[in-house]
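Student: The sequence and its predicted three-dimensional model are supplied below.
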Amino acid sequence: MGIISYIREEIQVIRERDPAIKSNLEVFLYPSFKVILRYRLAHKLYLKKHYFLARWISQRAARKTGIEIHPGATIGRGLFIDHGSGVIIGETTVIGDNVTLYQGVTLGGTGKEKGKRHPTLKDNVMVSAGAKILGSFTIGENSKIGAGSVVLEEVPPNCTVVGVPGRIVRMGSKKVPRTDMDQVHLPDPVLNDIRNLQEENQRLHNELKHMIKYMKCFEKEGYECPGAEEGAGKAEESGGEQR
Ligand SMILES: CC(C)(COP(=O)(O)OP(=O)(O)OC[C@H]1O[C@@H](n2cnc3c(N)ncnc32)[C@H](O)[C@@H]1OP(=O)(O)O)[C@@H](O)C(=O)NCCC(=O)NCCS
């Protein structure tokens, strides 16, 4: 695409997605406009294996705009990065068409993967301010990632994800009830810890109940109460079932 068509397209994209813009001339002031223009050049150089020059352009653009796009990233048409500051797009990120990112977004790796380490964002995805998408998985078309979320697993199309770790709260036009969260296999270590503590608490409660029963029996009868130990054993076994 030539520079004139690029500028025309950018004017259209920014006017569509930022209600704050008042004139076409303002497009030249947008960090998104500046950085994507430089990214397109850096990406061409990267594909021709001029890695140093490509990184040099990308780093200069990052200093000017606060948006660091690795020249190896693959970006479709119509990307808009609103405000811009603190946005990072990793080397193996793939971004489809008409994607919107806000300030503070990271499309990064977890540090555990090799090869493709960064996410793939399909067409029309919106990633809100401060959201982090970490790892090599896909965010489906038309999905929205809420402000401040940390997304660590695949998101199907047409979903809204919020929270840390990210949970699907809306699928299509339907709200997802919080009890159905397991369907999307998003990890929830805090909930798991709470469940473990509940189980442990129930087990201890049952054991204590049988010890009290045993003590009462012992006080009354003056000898070991028949069946008390058996009862305590049962309490331990049934600890997980009674909650
Ligand atoms: C996620 C978002 C896009 C809304 O998407 P939506 O599909 O319309 O979802 P809803 O507003 O119906 O919210 C669904 C649920 O998620 C909750 N939620 C929404 N955004 C959230 C967020 N960022 N963090 C935590 N929970 C959030 C809502 O309270 C609601 O919870 P409930 O079901 O218990 O009532 C929006 O809330 C958001 O984060 N926008 C930020 C945009 C931005 O970055 N602006 C910066 C401009 S400078």
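Tutor: That came through fine. Numbers count the residues shown, from 1 in each chain.
Student: For the longest helix belonging to the chain, which residues meet the burial criterion?
Tutor: Among the elements of the chain assigned as helix by DSSP state H, the one spanning the most residues is helix 189-221. Of the residues in helix 189-221, those buried by neighbour count under the rule 16 or more other C-beta atoms under 10 Å are 202-203, 206, 210, 213-214, 217. For every residue, glycine as well, the C-beta is placed using N, CA and C.
Student: Poorly predicted segments of this protein, please.
Tutor: Within the chain, the stretches with pLDDT under 70 are 176-190, 223-243.
Student: try 50
Tutor: 180-184, 239-243 (pLDDT under 50).
Student: Before we go further, Gly72 is sitting in a strand, right?
Tutor: No. With DSSP: H, G, I helix; E, B strand; the rest coil as the criterion, Gly72 is coil rather than part of a strand.
Student: Near it, how many residues? Count them for me, please.
Tutor: For Gly72, the count of nearby residues is 19 (other C-beta atoms under 10 Å).
Student: and the most centrally placed residue in the chain, what does it touch?
Tutor: Centroid-nearest residue in the chain: Val151, 1.4 Å away (criterion: C-alpha atoms, centre = their mean). By C-beta atoms under 8 Å, 6 or more residues apart in numbering, the contact set of Val151 is 119, 131-134, 139, 145, 161, 165-166.
Student: cool, Pro156 as well?
Tutor: For Pro156, the contacting residues are 140, 143, 168, 171, 184, taking C-beta under 8 Å, 6+ apart as the criterion.
Student: Now flag whichever of those residues is closest to Ile7.
Tutor: Using C-beta to C-beta, Ser143 is the member of these that lies nearest Ile7, at 29.3 Å.
Student: how far away is the residue nearest to the residue nearest to the centre of the chain when sequence neighbours are not counted from Ile145?
Tutor: By the measure of C-beta to C-beta, 6 or more residues apart in numbering, the closest residue to Val151 outside its immediate chain neighbours is Gly166, 3.8 Å from it. The gap separating Gly166 from Ile145 is 7 Å, by C-beta to C-beta, to the nearest Å.
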